[in-house]
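**Student:** please find the sequence and the predicted model below.
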Amino acid sequence: MSHYSLQNHGILQPGTIHWNLSVAQLVEEAVRRSEGSLTASGALNALTGKRTGRSPRDKWVVDEASSRERIWWGKVNQPIAEPDYLGLRQEVFNYLKGRDLFVVDALAGADPRYQMPVRFITEYAWHSLFVKQLFRKATPEQLKTQVPEWTVINACKFIPDPKKYKLNSEVFVIMDFARRTVLIGGTQYAGEMKKSIFSVLNYVLPLKGVLPMHCSANIGKEGDTAIFFGLSGTGKTTLSADPNRGLIGDDEHGWSDQGVFNFEGGCYAKCIKLTKEREPLIWGAVRFGAVIENVVVDPVTREPDYFSDAITENTRCAYPLDFIGSVTLKQSPVVVAATLRKRFRFDVSLRAVAEDWEQSLGFMFDHCEDEGVMVIRSGIADGNTHRPLKVEEFRGFALTDAYAPLVFINTVDSPAAQMFTLVHELVHLWLGVSGVSNLERTYAPEKKVETFCNQVAAEVLVPLAELETCMGQGMDEMAALRRRFKVSSLVILRRVKDLGKMNAETFRKLYREQEESFILKKAKQKSGGNYYATQKARVGKRFARALIGSAMEGRTPYRDAYGLLGIKKTETFKKFAQELNINP
């Protein structure tokens with residue numbers, strides 16, 4: 001539950017409030033409430049009734065003093081008088097009394113500098129599932145404290161008197177810039193929620209020096225961005241899905257002084273005449289957790305008929321932009337590296353804020369968890385300090401899963417090697433191939449996979465083109481290069497060798513010297529340390545927060561939580577929760 005209650009929005013005496021349910025919980029609620037049905041692939045199919053598309057004639061903007069002079073009034077931005085709007089809003093609030101509501105707190109915008117916290121309050125569970133999959137996910141920590149900058153209230157089944165409020169029909173999508181609220185009613189079409197936030201960003205972002213764009217975008221080997229403009233159905237999604245370029249997004253973007261970024265965390269694709277051969281990425285995304293709208297489904301086999309337009313030609317699919325299994329070995333390692341750097345905020349310019357490469361590694365761990373990857377770090381087996389993990393056996397591993405991707409890092413290894421292993425294992429996740437680093441005999445994945453992962457990891461940490469530029473400008477001292485890229489000497493040595501500036505024998509000699517220096521330094525370190533800091537690394541902060549929160553809310557028995565965390569005492573559990581900023 002969020003600390004920011006619905007009373008702050010003027011909603012009083014609702015029924016049960018479902019706060020930020022998981023994807024699985026929302027699917028269960030939608031099916032239980034007969035809002036939709038599961039298809040053979042696991043996706044939820046929902047019907048939107050009379051309205052199977054957006055209603056542009058029913059979009060309104062409140063005519064009020066704070067925004068009046070910045071609105072281009074006309075057929076697109078129709079004014080609604082503030083007294084009429086406030087009267088309609090109060091009717092909606094009265095309608096919502098006693099009704100069960102679903103709340104999703106999310107984020108709009110991939111660039112942290114311009115990211116906007118948004119809240120969706122819906123009558124339907126499937127509407128909340130829709131926005132949960134399309135917008136960017138807030139971390140568990142953000143959910144505890146997040147205050148929405150904009151709120152969308154979707155009372156889809158409320159039917160007003162159009163004449164009373166001077167509306168064009170019983171449908172209304174109203175933006176109120178004074179109260180930072182979007183009010184929706186009279187339509188069950190979910191796309192109205194998505195487009196309303198895009199309209200809000202069209203107003204907000206230009207005031208911050210960012211150009212909002214209705215386009216698709218991808219990124220090339222040299223970090224070059226291509227954008228594709230066009231009306232709906234003109235091929236933006238198809239053109240941006242280039243196997244030789246990394247996808248940024250397929251619909252709504254911002255262009256700032258530091259590049260192009262996606263507003264969303266998912267895709268809302270047309271699926272009329274969808275086939276596996278024509279659109280393999282979209283076809284593969286129609287699985288559990290995805291929402292398909294107004295698709296004819298066989299009542300027995302539950303197979304969708306994507307060629308039928310019996311309900312509408314505007315059949316749609318909403319699914320998250322998951323990175324699991326999103327690349328192939330056929331793609332350029334340089335392109336994949338550029339996409340990965342952007343997604344996980346590993347750019348050289350962003351790493352520059354770190355004091356040194358060790359702090360940079362800490363930022364990398366945090367950014368991975370922000371994107372939903374559980375990162376676990378340990379150097380001992382089963383909490384036993386007398387059973388250290390051996391680097392010769394493995395440096396790390398990756399377990400691919402669409403909902404809980406995991407990377408394990410062996411902390412017996414040097415921090416420099418941990419940095420490389422982290423990115424190497426992330427590439428495994430992007431390929432959708434689990435793997436173990438350095439275990440060559442029993443579970444070794446295909447050599448081509450390992451070579452590809454190494455190539456991408458090296459390019460992520462030290463882009464070869466940028467390194468060559470630096471060395472061409474006389475920046476060839478190790479200390480200067482370390483400061484520039486915020487990586488260790490070992491990573492720099494590897495990339496200088498890749499440039500052909502160092503022969504193999506010299507590389508091996510210098511690399512061995514650096515590793516031996518680390519071993520001596522570690523041997524002199526005293527044992528011990530901060531138990532709670534070690535615990536965060538051992539189980540992963542994201543997992544720990546989710547588990548402790550679940551236990552405190554009564555959804556997981558404390559006994560099970562203690563066992564999964566490796567904690568025996570209640571006081572230790574409480575102290576660990578405090579260290580993670582979790583309060584009962």
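**Tutor:** Right, received. Where do you want to start?

**Student:** residues contacting Q418?
**Tutor:** Neighbour list for Q418: 361, 377, 395-396, 409-411 [criterion: CB atoms under 8 Å, 6 or more residues apart in numbering]. In short, each C-beta sits where N, CA and C put it, glycine included.

**Student:** typo on my end, V200
**Tutor:** 150, 175, 182 are the contacts of V200 under CB under 8 Å, 6+ apart.

**Student:** among those, which are located in strands?
**Tutor:** Judged by DSSP state E, the contacts of V200 include 150, 175, 182 as members of strands.

**Student:** thought the first one was touching V182?
**Tutor:** Yes: the criterion here is CB atoms under 8 Å, and W150 meets it with V182 at 7.0 Å.

**Student:** which residues do those two both contact?
**Tutor:** 197, 200.

**Student:** could you find the closest non-adjacent residue to T225?
**Tutor:** Nearest residue to T225, sequence neighbours excluded (CB to CB, 6 or more residues apart in numbering): V260, at 4.8 Å.

**Student:** pull the CA atoms of stretch 314-323 into CSV?
**Tutor:** C-alpha atoms of stretch 314-323 as CSV (Å, rounded to 0.1, in the frame of the first residue of the first chain):
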residue,chain,number,x,y,z
ASN,A,314,-8.3,-2.4,-34.6
THR,A,315,-7.3,-5.5,-32.6
ARG,A,316,-4.4,-4.8,-30.3
CYS,A,317,-1.9,-6.4,-28.0
ALA,A,318,-0.2,-4.7,-25.0
TYR,A,319,3.0,-6.3,-23.7
PRO,A,320,6.1,-5.2,-21.8
LEU,A,321,9.4,-4.4,-23.5
ASP,A,322,11.2,-7.3,-21.8
PHE,A,323,14.9,-7.7,-22.6
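
**Student:** ok, and the most crowded of the ones in strands among the contacts of V200?
**Tutor:** When neighbours are taken as other CB atoms under 10 Å, the top entry among the ones in strands among the contacts of V200 is M175 (25 neighbours).

**Student:** residues contacting that one?
**Tutor:** 59-62, 181-182, 196, 199-200.

**Student:** show me the contacts for the residue nearest to C368 when sequence neighbours are not counted.
**Tutor:** Leaving aside its sequence neighbours, C368 sits nearest to V375 (CB to CB, 6+ apart; 5.0 Å). If you count contacts by CB under 8 Å, 6+ apart, V375 has them with 365, 368-369, 406-407, 409, 422, 540, 542.

**Student:** now, which of those residues lie within strands?
**Tutor:** Per DSSP E, the subset of the contacts of V375 in strands is 406-407, 409.

**Student:** can you add pLDDT and distance to Q535 and give those back as a markdown table?
**Tutor:** Listed next are those as a markdown table, based on pLDDT from 0 to 100; distance: CB to CB, whole Å:
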| residue | pLDDT | distance to Q535 |
| --- | --- | --- |
| L406 | 86 | 17 |
| V407 | 90 | 18 |
| I409 | 88 | 15 |
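
**Student:** ends of stretch 186-195, how far apart?
**Tutor:** 16 Å (CA to CA, to the nearest Å).

**Student:** am I right that W255 sits in a helix?
**Tutor:** No: the assignment for W255, made by DSSP: H, G, I helix; E, B strand; the rest coil, is strand rather than a helix.

**Student:** what sits against it?
**Tutor:** Contacts of W255 (CB under 8 Å, 6+ apart): 210-211, 213, 227.

**Student:** how about the residue located most distally from the centre of the chain, secondary structure?
**Tutor:** For the chain, the residue at maximal distance from the C-alpha centroid (CA atoms, centre = their mean) is E505, at 43.0 Å. Under three-state DSSP, E505 falls in the helix class.

**Student:** what does the model give it for pLDDT?
**Tutor:** For E505, the pLDDT comes out at 86.

**Student:** next: H424.
**Tutor:** Predicted confidence (pLDDT) for H424: 91.

**Student:** pretty sure A30 is in contact with E123, am I right?
**Tutor:** No: distance between A30 and E123: 11.6 Å, which falls outside the contact criterion (CB under 8 Å).

**Student:** picking up where we left off before, including neighbour count and distance to S332, could the contacts of V375 go into a markdown table?
**Tutor:** Output for those, formatted as a markdown table (neighbours: other CB atoms under 10 Å; distance: CB to CB, whole Å):
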| residue | neighbour count | distance to S332 |
| --- | --- | --- |
| F365 | 21 | 27 |
| C368 | 24 | 23 |
| E369 | 19 | 28 |
| L406 | 18 | 27 |
| V407 | 25 | 23 |
| I409 | 25 | 27 |
| L422 | 26 | 21 |
| G540 | 23 | 31 |
| R542 | 22 | 31 |
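
**Student:** show me what stretch 277-285 is in contact with.
**Tutor:** In contact with stretch 277-285 (CB under 8 Å, 6+ apart) are residues 237-238, 241, 267, 269, 271, 274-276, 317, 319, 322, 325.

**Student:** only alpha carbons, please: show the one helix or strand L26 maps to as CSV.
**Tutor:** L26 is part of helix 23-32, with elements assigned from DSSP states H and E. Output in CSV follows, covering the C-alpha atoms of helix 23-32 (Å, rounded to 0.1, in the frame of the first residue of the first chain):
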residue,chain,number,x,y,z
VAL,A,23,0.8,-9.2,-13.1
ALA,A,24,-0.4,-12.7,-12.0
GLN,A,25,-2.7,-11.2,-9.3
LEU,A,26,-4.3,-8.8,-11.9
VAL,A,27,-4.8,-11.6,-14.4
GLU,A,28,-6.5,-13.7,-11.6
GLU,A,29,-8.8,-10.8,-10.6
ALA,A,30,-9.7,-10.0,-14.2
VAL,A,31,-10.7,-13.7,-14.9
ARG,A,32,-12.5,-14.0,-11.5
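
**Student:** buried stuff in the next helix or strand after that helix?
**Tutor:** Following helix 23-32 in sequence order, the next helix or strand is strand 36-38 (DSSP H and E). Going by neighbour count (16 or more other CB atoms under 10 Å), the buried part of strand 36-38 is G36.

**Student:** give me the contact list for the helix or strand following strand 36-38.
**Tutor:** Remark: after strand 36-38, the chain's next helix or strand is strand 44-46, criterion DSSP H and E. Contact with strand 44-46 is made by 27, 30-31, 35-39, 126, 129, 190, 290-295, 297, 304, as judged by CB under 8 Å, 6+ apart.

**Student:** can you list the residue ranges for helices in the stretch 301-450 of the chain?
**Tutor:** For the stretch 301-450 of the chain, the helices defined by DSSP state H, counting those that start in this stretch cover 333-344, 348-351, 357-370, 415-431, 447-461.

**Student:** which non-adjacent residue is nearest S240?
**Tutor:** Nearest to S240 is S216, by CB to CB, 6+ apart, at 3.6 Å.

**Student:** can you tell me the element that neighbour falls in?
**Tutor:** Assessed by DSSP H and E, S216 sits inside strand 211-219.

**Student:** pull the residues that contact that strand.
**Tutor:** 198, 201-202, 205-206, 225-230, 236-237, 239-242, 245-256, 260, 262-263, 335, 338-339, 342.

**Student:** filter these down to the buried ones, ChimeraX style.
**Tutor:** Remark: buried members of the contacts of strand 211-219, expressed as a ChimeraX selection using 16+ other CB under 10 Å:
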select :198,201,205,225,226,228,236,237,240,241,245,246,247,248,249,250,251,252,253,254,255,256,260,262,263,335,338,339,342
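
**Student:** for A81, give its distance to E579.
**Tutor:** Distance, A81 to E579, using CB to CB, to the nearest Å: 53 Å.

**Student:** could I get the pLDDT score of the nearest residue to L107 once chain neighbours are set aside?
**Tutor:** Distances taken as CB to CB, 6+ apart put R136 closest to L107, at 4.2 Å, once the chain neighbours are dropped. Per-residue pLDDT puts R136 at 89.

**Student:** next, count neighbours for R136.
**Tutor:** Counted with other CB under 10 Å, R136 comes out at 21.

**Student:** ok, it - contacts?
**Tutor:** 106-110, 115, 264-265.

**Student:** and the helices in the stretch 151-300 of the chain?
**Tutor:** 162-165, 191-204, 236-240, 280-285.

**Student:** winner for burial among those?
**Tutor:** helix 191-204 (a mean of 20; mean count of other CB atoms under 10 Å).
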